[in-house]
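**Student:** need the 3D shape of this:
(chains A and B)
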Amino acid sequence: MAIQKHFNQFDENIYLSRRSSGYKKAKAKDESILDEIKTAFKEAGYPVIETFLQGSFAVDTAISSLKSDYDIDRALVIDASKAPEDPVEPKQVVLKVLEDRNFKNPKIKKPCITADYQSIDLHIDYTVYKKGEDIFGNNAYHLAVGKAGSDQNNKEWSPSDPRGLIGWIRDVERYGAGPLEKGKQYKRLVRYMKRWRDFNFNEETGKKLFSIGLTVMLKEQYKPGWFSSEIKDDLVALKEAVDGILDDSYIRAPLFSENYRVFTELPKKPHRDIFQHKVSGGESEPGSDLNLGEQLKNKLTKLQAELQKAIDQSCEIKQCSILNMIFGDDFAIPEADEKKKAASLVAGAALFASAGASGTSQGA
Amino acid sequence: MHPQVHQGPLKEPDVTLNYETIFQHFLSSEFYVEPALVNDKDALSVTFEAAEKLVSIIHICTDELFQLPQFYLKNYKAYGSLAHVLPSSFYDEYGYICVNHLDSVSVNFERPELAFEESIRRHIKLLKSQLENPDFNQMELKREFLTNWQKSAEYLYDSGSKYLFCSSNGDDCQKLELYSPFSRRSKFSIPASFVALPSNGESAAIAEYFGKEKRTPRANCLCFVIPLEEVDTSFPQTESELKLWLADALARVSESTKKIIKTELWGPRVKEFWLVLNLPTPSGKSWFGIRLFRDEKKPFPNTFEKMSGWKASLFHVDSYNRERLMPRSGAESTLADKHVLLVGCGSVGSELAHKLGAAGVGEIDISDTDIFTPSNTYRHTLDQSSIYQFKSTSVAKQLMKKYPWVKATGQLYSLLSLRKKELLSLYDLIIVAVGNPTHERLFHEYISESGIKTPAIYTWLEGYGVGGHAVLSVPNKSGCLRCAYVEPETGARGLASNLNFLTEDQDIVKNHAGCGEMFIPYGAVSSTQTAVMAADLGIRFLNKQVTSSTKVSWKGDGADAVREGLKFTPRSNNFQASLEKHPLLHPLCDTCNSIDGNEYQHGSMRIRIPSSIERQLSSYRQISPNMTEAAGLLIGFNKSSGETCIHQLTTPKETDTRHRAHFKLDAQAHQQEVDAAFKGSDHMLGYLGTWHTHPQDFPEPSMPDITDWQTHNKENHERQLFFIVVGRLKIAVYTVMDDKIIELKPTNPEACSNA
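**Tutor:** Numbering: from 1, shown residues only, chains lettered A, B, ... in the order given. Next up, the predicted model:
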C-alpha cells in the first residue's frame, strides 16, 4: 500500500476544481457569459430556468491540462412550453452573445455551441435543453440538435438525459459496502487515465479520445467488489480496470474488417456512440476513426504491461519511476527532494495551529 | 440626548478563501468531499453514510472564515423532524444545521482545510447520532422546543406581537395579575410590554422595577401559569391546530395542577385567558404563552369543542423570576439571603455595590455621608441625574433599577458612627471602602474589642495607578487588620499599611482649591480594578470559598508615580502576586502572635519555638510502635533583635516516604509551601531548617542526620539553619557551625520535657 501515498500526491497535483487558482479566470468568464446569456434568453422569450455544469466539473474528475487550457461545459435549460420550435434558434442567441464578446471562431455544432478564447486558452461548450414532463410526470430533457442552416431533417429537439448521465457517473450505491471510498477511488482512476491520455497521445488524437468515453469505460470496468468495504491500492485497481477495458469489446474490428475502432455507448439517452466517426455526407457512424482505434489498442496494451511491471516491482522508487514514465512528472519520483519538501513544509506550516478549531472559554 | 446608532455596511476587506487547498486536502482524507453548485453558487458537498443511507451536507463557499464553516443538510425533509436542523430561508431543500454555537470556537483560519475537517467531523457526528438514535433526536427536539415552536407557529403570534414579562413565584401553577403596557414608544421594552405579577403580592423592588404604579390592571381577564408535563412535538401551524394542541396539553398536566385549574381557572367568566405555559426540557424550562379571547364573558373552554367560540393566539413570555434569571445572567442564587453593609460609596464603593448586586447578593445597605458632585463624574457609577444627591441613596436606587431582586438601602452614616454592636452583628459581611486608614483602624479596634463576629473587608487604592488592596479580617481567626499595618522591620503597629506600594509620608494628595478640594490622582480604572478585586474577595467569602483572613493586592504600572518622583516600598519592588489571595496573618502582629513558647540558645544564637508550633511538633511524636517517622521543613524569620522565630512547619505529605526509622521528603511539595509563605509574607518568611521525629525518648542525631544537616548547611551558607528532632520526651534543637553539630539549650531548662 506504500505506493498509494504517491498516487495520492499525484492526484493532488493534477486535481482541478472550479475553485483552483488556475481556473479563476475561466470561472469568471463562465459566470459573466452566463449572465449575458440569461439576459439574452429572457429577451428572446424563453428564460433560462436551470443551468448546470456538464463534463468533468459536474462529476469532479477534472484535471489540470498539460498546456494549461481550460474547459467550460455548461447546460442551459429552458422551459419546454416556452421553447421555440426551431432548436437552432436559441443556439443562435448563444452564438450572438459569444460573437459580441470577441471569441475566436464561435460556431454552432450539431449538439452544442463552441468557442475558444484565445488569451486564456479557454474552450467553451454550451448545450441547450428544453425541459418538460414525460407521460409519467418525470422531468424530460430534449437537446437542441442542429446547425445553422441545417434542414428540417437535421435539426430536432432530441430526447436526452444529461442529468441522468451525471447521476450515473456519480452513483456510488452500485459499489455495495464502503461506497464512498470506492466512489473516491473511481474518480481518481478517471483522473489518472485522463492524464495518461494527455501525456501519451499527440494533441490531435488525444482530443478525440473524449473524456466522457474514458469515464464511461472506467465506470463500467471499475469493479471493486460488493461485499468488502476494503479497496485495493490505486495501482492494482487501475491495472484491473485497464484489463477490463482491453478484455471487453470497446476496441474491436467490425465484422469483415481488420481495423480497430473504439466503441462506447452513452449509458443514458440518447444512447448514441460516444466516439462515432464521420462518414461522407455529414453523417456519423458508431465507432471511432481507425487511427484512434489502433492507437488506443496499442497504448492501452502498453499501459497494461507497464502497470504490471510496477506491481511486480518491490522497490518503491522504481515503482514510481515506471509510473512517472506513464503519467509524466506530476507523478513524482521520491529521492532527495522528499527531504527538501519536508523541510519546506515545516517552515511553512509550523507557524499555524494544527487543529481546525478548538472550543474556548473566551467571552466578553 | 441619545447616542448615535450606526448601522449599515462598512466596507469589508477584500478576502477570498482558498478553496483549492481545501479540496486538495480532502482528496485523500477520510471524508467524501467534492465541489458542487447550489443555486448557481459554488459549494462544497460532503457525503457520508448514516443509518445505512447516504446523507449529503453542503457548504456554500464564502470569502472569509470567521466562524466554523456552516453546512446545510440536503433534502432535509426526507429525514422527518430532526433536532438542530431548521428550514433555511435561502435554500428550499436544504436545512440549516446548528452544530452547537459556531462562534464559541476559535477557528484556525490560517489553515482553513483543518477548520473544514473539524466542522465536517462535528456535523457528521451530530447528524449521525440523530439519524441513528431516534431517542437522542427526540430529546434534542424537546431541548429546542421553544425555537421550533416559535418558528413553526410563527403566524399564530398576535400581529402586535405581545410581550409578557412574567414574574411568577417559581414555575408552579398559580394565578397572576396582568397589567397592561403604559407606553407605546418602543415596542421591545418593559414599558411597552404586559407584566404579570403574583396575585398574592410581589416585592416592592419588583413592582418598582416593572413600573407597576403606572400600569392599569387588565380588566375581564384571567392570567394563569400552567406547568405542562408532556406535549405533542409536532407543532401547530393554524389556529385550529393550536386549540387542539392546547386541549391535548391541558389534558396531560399533573394531578395537582389539574386540581388548581379546576377550582380557580374554570369558574370565573371573563373575556380573555392568558395562559403562561412552561415545559421542562433537558436544558431548563421553556416559557411561552397562549391567549384565548372573545367579545363576551364566558368561563374557560376546557375542551377543544368548547374552544370553538374563542379566538386563540400566541404571545411571547419572558419569565422574570429569580431562579431562572439570576443563574442565566451570571449571578449566584446562593447569595440571595446574604446581607452586606457597604461603608463608603465613592469611586471604589459605588463599583463595589454594582459588582455585589450583579453577583446576586440579596441585601446591600450602603452608607456614606457624601454628596455626588460634578468633580466625581468620571470615576463614579452615578450619572448627572444624581448630582448633588446623596451618593449612598442614589447608588441604592441605581442597584434596584438594574437588579430586580436586590434590596438596597442608602444611609448617611460615617464609618465611625456605625460602631454599634447590635447593628453590625446583623450583617454577613461588612465592606469598608472609605480610604481612611485612621477610621479603618479605629473601626477595627471596636470590632475586635466588642467581640463582633461579622467579618470585615477593608479596601483602598493608592494614587497614580500603582495599585490597590483589600484585606478580609475574620474575627477569631489568625490575621486581622493590624497585620496589614505591622511595621515589617520592628514589629511595631504602623500607621500606613505594609501592603502599600508607595512609601509613607510623601506628598501624594493634590490640592486644587484649598482644603476642601483635595484629591489623590488616580483614574477610574484603578478604582474599578480595586472594587472588582474586593468584590471578588467578598463574594468568595460569602460563598465560603474563602474562610480565613486574607489579603489581596493588585499592582499597576508605576510609570506615573515614577514621573512624579514618588518612592516605592520594598514590597512594591518584590511584588509579583497581583490578585493572588494570601493569608493576612503577619508574623509580627502582636495581637495574632503570642510571644509564648520556649527559647533555645547557644552563645548569641537564639531561636524561639512558639507553643503552638511546639504542640504541633509533639503531635507527631512516635509514641506507639506503629507510628512512622514524620518530617518537614521549618519556616520562620529573623527578628531585628537577632532572635530567630519559627512561624510555621511543613507537615508530612502523602507523597512522602515514611517508615519507622527513616523517611524521605517529597521535596517539591514541601518546597511549594515554603515558596508560598515567602511570597505571601512579602519575603519575610523563609526556609529555616528541618524537623523530624525519632522513635526515642531523648533523641540523638543519627549519622545520616548529621551528614544531611551538614549538606543542608553548605547549600544555604547565607543563613543559619536549625534542625529539630522530636523525641518522645524531648524536643532537641541543633545547628551546624563550622561543620560541627551543636545542640541549642533551652533558656528555661524545664522546657526540654514534653511530659
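
**Student:** list, one by one, the residues from chain B near chain A.
**Tutor:** Within chain B, the positions lying close to chain A (C-beta under 8 Å from any C-beta of the partner chain) are B:18-20, B:22-24, B:27-28, B:32, B:34-35, B:37, B:40, B:42, B:47-49, B:54, B:61, B:68, B:104-108, B:110-111, B:113-119. In this view, the C-beta of every residue, glycine as well, is placed from N, C-alpha and C.

**Student:** residue B:68: helix or strand, and which one exactly?
**Tutor:** When elements are assigned from DSSP states H and E, residue B:68 belongs to no helix and no strand.

**Student:** any low-confidence regions in the stretch 201-350 of chain A?
**Tutor:** Applying pLDDT under 70 to the stretch 201-350 of chain A flags the ranges A:336-350.

**Student:** and the helices in it, which stretches?
**Tutor:** A:203-208, A:211-221, A:234-247, A:290-312, A:316-327, A:336-349 (DSSP state H, counting those that start in this stretch).

**Student:** ok, which of those helices comes nearest chain B?
**Tutor:** helix A:336-349 (7.6 Å; C-beta to the nearest C-beta).

**Student:** can you pull the pLDDT of the residue in the stretch 301-450 of chain B positioned nearest to chain A?
**Tutor:** Sorted by distance to chain A under C-beta to the nearest C-beta, the residues of the stretch 301-450 of chain B start with residue B:330, at 10.5 Å. With respect to pLDDT, residue B:330 has a value of 73.

**Student:** quick check: nearest residue in space to it, chain neighbours excluded?
**Tutor:** Closest residue to residue B:330 apart from its sequence neighbours, by C-beta to C-beta, 6 or more residues apart in numbering or on different chains: residue B:358 at 7.1 Å.

**Student:** contact partners for that neighbour?
**Tutor:** B:330, B:331, B:403 (C-beta atoms under 8 Å, 6 or more residues apart in numbering or on different chains).

**Student:** and if you look at residue A:184?
**Tutor:** Contact analysis of residue A:184 by C-beta under 8 Å, 6+ apart lists B:27, B:32.

**Student:** just the CA atoms of the helix or strand containing it, as CSV, please.
**Tutor:** Here residue A:184, judged by DSSP H and E, is contained in helix A:179-200. Below are the C-alpha coordinates for helix A:179-200, written out as CSV (Å, rounded to 0.1, in the frame of the first residue of the first chain):
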residue,chain,number,x,y,z
PRO,A,179,-19.4,3.0,-1.3
LEU,A,180,-17.8,6.4,-0.7
GLU,A,181,-14.2,5.1,-0.6
LYS,A,182,-14.9,3.2,-3.7
GLY,A,183,-16.5,6.3,-5.3
LYS,A,184,-13.4,8.3,-4.5
GLN,A,185,-11.1,5.7,-6.0
TYR,A,186,-13.2,5.6,-9.2
LYS,A,187,-12.8,9.4,-9.5
ARG,A,188,-9.1,9.1,-9.0
LEU,A,189,-8.8,6.4,-11.7
VAL,A,190,-10.6,8.6,-14.2
ARG,A,191,-8.2,11.5,-13.4
TYR,A,192,-5.2,9.2,-13.9
MET,A,193,-6.5,7.9,-17.2
LYS,A,194,-7.1,11.4,-18.5
ARG,A,195,-3.6,12.4,-17.5
TRP,A,196,-2.3,9.3,-19.2
ARG,A,197,-4.1,10.2,-22.3
ASP,A,198,-2.8,13.8,-22.3
PHE,A,199,0.7,12.6,-21.7
ASN,A,200,0.8,9.7,-24.2
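
**Student:** the helix or strand encompassing residue B:58: which residues count as buried?
**Tutor:** Secondary structure assigned from DSSP H and E places residue B:58 in strand B:53-60. Within strand B:53-60, the residues scored as buried using 16 or more other C-beta atoms under 10 Å in any protein chain shown are B:55, B:56, B:57, B:58, B:59, B:60.

**Student:** quick one: mean pLDDT for that strand?
**Tutor:** Mean per-residue pLDDT for strand B:53-60: 94.

**Student:** got the angle for the helix holding residue A:184 vs strand B:53-60?
**Tutor:** Here helix A:179-200 runs at 60 degrees with respect to strand B:53-60, directions being taken by axes from the mean of the first three to the mean of the last three C-alpha atoms, to 10 degrees.

**Student:** which of the helices or strands spans residue A:137?
**Tutor:** Per DSSP H and E, residue A:137 falls between elements, in no helix or strand.

**Student:** tell me the predicted confidence for it.
**Tutor:** Residue A:137 carries a pLDDT value of 87.

**Student:** check contacts around the residue in chain A positioned nearest to chain B.
**Tutor:** Checking chain A residue by residue against chain B with C-beta to the nearest C-beta singles out residue A:356 as nearest, at 3.0 Å. Contact analysis of residue A:356 by C-beta under 8 Å, 6+ apart lists B:107, B:108, B:111, B:113, B:114, B:115, B:116, B:117, B:118, B:119.

**Student:** find the nearest non-adjacent residue to the spatially most central residue of chain A, please.
**Tutor:** The residue at the geometric middle of chain A, judged as the C-alpha nearest the mean C-alpha position with C-alpha atoms, centre = their mean, is residue A:56 (3.2 Å). Residue nearest to residue A:56 in three dimensions, not counting chain neighbours: residue A:62, with 3.9 Å by C-beta to C-beta, 6+ apart.

**Student:** gap between residue B:669 and chain A?
**Tutor:** When C-beta to the nearest C-beta, to the nearest Å is the yardstick, residue B:669 and chain A sit 29 Å from each other.

**Student:** picking that back up, may I have the strand holding residue B:58 as CSV, with CA atoms only?
**Tutor:** Backbone C-alpha positions of strand B:53-60 (Å, rounded to 0.1, in the frame of the first residue of the first chain) are rendered in CSV as follows:
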residue,chain,number,x,y,z
LYS,B,53,-28.3,5.8,3.8
LEU,B,54,-26.1,8.2,2.0
VAL,B,55,-26.5,11.7,3.5
SER,B,56,-25.2,14.9,2.0
ILE,B,57,-24.4,18.2,3.6
ILE,B,58,-23.3,21.2,1.7
HIS,B,59,-21.4,24.3,2.5
ILE,B,60,-21.9,27.4,0.4
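
**Student:** still on that earlier bit, can you turn the buried part of the contacts of residue A:356 into a PyMOL selection?
**Tutor:** One line in PyMOL is enough to select the buried ones among the contacts of residue A:356; burial here means 16+ other C-beta under 10 Å:
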select buried, chain B and resi 107+108+111+113+114+115+116+117+118+119
